[in-house]
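S.K.: Need coordinates for the following:
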Amino acid sequence: MDKNRKKKRPIDFPLERRTNYRFSVISTWNMRCLAGLFTKKFGITTAGWRLLSIIGRFEPIHPTRLAELSTLDADKVTRAADRLVEAGLVDRRTDEEDRRRVVMRLTARGRAVYAEIERAGQLLEAELVSVLTDDELEAFYAALTKLHAQAREIFIGKDAWKRIVEGYEEGAGSGRGKRSRGEGARRSTA
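M.R.: Reported below is the predicted structural model:
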């Protein structure tokens, strides 16, 4: 058997063992906790904080890239970004390198708000992962990196679910390593 080939697991993942459910619960608890700071003190929505944190980390940034990294729909990005600009936290200007595009960056006030909320977020993260040993934390991050790459490969694209669901229904198994993102919609007749 090829050492690089992943072992196919049976389909038996009760809700409490599914990564999407567990990650969603942890993320929701984390955001609700942090929202006490960014909503009450600064009047920022969850979507607004998500954008502010991404802009603060990757500025200057184009709105298209901001939408990609936030996983928000473009209209939500626009509305949340407009509110951040109106609040004086974000500056939106024409890109000097490409005058057809705009770039976004934090204002001085936005940087101060970002720094305070980011510090609180870092403290929450440190507290969350404090139950793991250094080795467990490194293994966890390595596993997250793999899961992130796999999720990007299999979940993105029009009708992405069909590649997986129809593959199982046809007895093709997980399809791991068999199809690239663009190949999922094509069927082999051979």
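S.K.: Give me the phi and psi for Ser130.
M.R.: Dihedral pair for Ser130: phi -60, psi -20, per degrees, to the nearest 10.
S.K.: Endpoints of stretch 53-66, how far apart?
M.R.: Its first and final residues considered, stretch 53-66 spans 10 Å by Cα to Cα, to the nearest Å.
S.K.: Could you give the average pLDDT over that stretch?
M.R.: Per-residue pLDDT values over stretch 53-66 give a mean of 94.
S.K.: buried ones in that stretch?
M.R.: Buried residues in stretch 53-66, counted by 16 or more other Cβ atoms under 10 Å: 53-56, 59-61, 63, 66. For the C-beta atoms, the positions are set from N, CA and C on the backbone; glycine is no exception.
S.K.: again with stretch 138-147
M.R.: For stretch 138-147, it's none, nothing buried (16+ other Cβ under 10 Å).
S.K.: okay, now Ala47: neighbour count?
M.R.: Using other Cβ atoms under 10 Å, Ala47 is surrounded by 17 other residues.
S.K.: ok, now Arg18?
M.R.: Neighbours of Arg18 using other Cβ under 10 Å come to 11.
S.K.: before we move on, what about Ile44?
M.R.: For Ile44, using other Cβ under 10 Å, the count is 23.
S.K.: is it true that it touches Gly36?
M.R.: No: taking contacts as Cβ atoms under 8 Å, Ile44 lies outside contact range of Gly36: 11.8 Å.
S.K.: which residues of the chain fall in strands?
M.R.: Secondary structure of the chain (DSSP state E): strands at 90-94, 102-106.
S.K.: before we move on, the earlier item: with distance to Tyr21 as extra columns, can I get the buried residues of stretch 53-66 in TSV?
M.R.: Shown next, in TSV, are the buried residues of stretch 53-66 (distance: Cβ to Cβ, whole Å):
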residue	distance to Tyr21
Ser53	24
Ile54	25
Ile55	29
Gly56	29
Glu59	33
Pro60	36
Ile61	31
Pro63	31
Leu66	27
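S.K.: Many thanks, have a good one.
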